[in-house]
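J.: have a look at this fold, sequence not included:
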């Protein structure tokens, strides 16, 4: 569910302003600027609505909380309003399901108007502060912290490395053995000083490219 919907329904998102550990999922459509320049605005809206409808169904099925849409991207949190031991596990299952659903939609010509859609998804577990940000005229309930910046930068790396899903080491450490992940060593994310342990789903075709780009 959306965080603001929970507030409206009287579901307590307690701990606002307090630090907590969550697993973040950030997903982004590739090439959005390019195809949005070619399409009429109403066609862009239709593509986004169809895409987000499918992705939200998966997200909510796995008990993720949508924090925000940012253009063609979405930020979701696993661990709000309550933290569970399997937050990272559910986030990974959701990411894989989102990837597979988009592949099915493309195979069934749902997004032919743009020649099919591609996406990148990143997962990162870290500490954030939940807070209402904005001005008296408009407040937005969101999560703030370095972990948010990290997951956004990690998703950018999926584009450069031609893979669809990347998982940080902090998330991979909390995922059960049923999911075959391949260690990719460490990555230097754009604009960041420290390197990050990164994993990908075993068997990804991007492994050859990724192994040549890691430190």
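T.: Cool, got the structure. These numbers come from a predicted model, not from an experiment.
J.: next one: phi and psi at residue 87?
T.: When read as degrees, to the nearest 10, the backbone of residue 87 gives phi -60, psi -50.
J.: burial of it, as a residue count?
T.: 24 (other C-beta atoms under 10 Å). All C-beta spots, glycine's among them, are computed from the backbone N, C-alpha and C.
J.: then residue 124?
T.: Count around residue 124 with other C-beta under 10 Å applied: 29.
J.: pretty sure it is in a helix, no?
T.: No: using DSSP: H, G, I helix; E, B strand; the rest coil, the secondary structure at residue 124 is strand, not a helix.
J.: that one pairs with what?
T.: Beta-bridge pairing for residue 124 (DSSP bridges): residue 24.
J.: list the contacts of it.
T.: 23, 24, 26, 147, 150, 151, 154, 167, 168, 170, 171 (C-beta atoms under 8 Å, 6 or more residues apart in numbering).
J.: can you map out the helices along the chain?
T.: In the chain, the helices defined using DSSP state H lie at 3-8, 32-38, 41-61, 87-107, 146-160, 169-172, 207-211.
J.: residue ranges with poor pLDDT in this structure?
T.: 1-17, 139, 203-215 (pLDDT under 70).
J.: quick check, central residue of it?
T.: residue 26 (1.9 Å; C-alpha atoms, centre = their mean).
J.: pretty sure it sits against residue 72.
T.: No: contact criterion C-beta atoms under 8 Å: residue 26 and residue 72 do not qualify, at 11.8 Å.
J.: if we can go back for a sec, and the helices of the chain: which comes nearest residue 194?
T.: helix 146-160 (9.4 Å; C-beta to C-beta).
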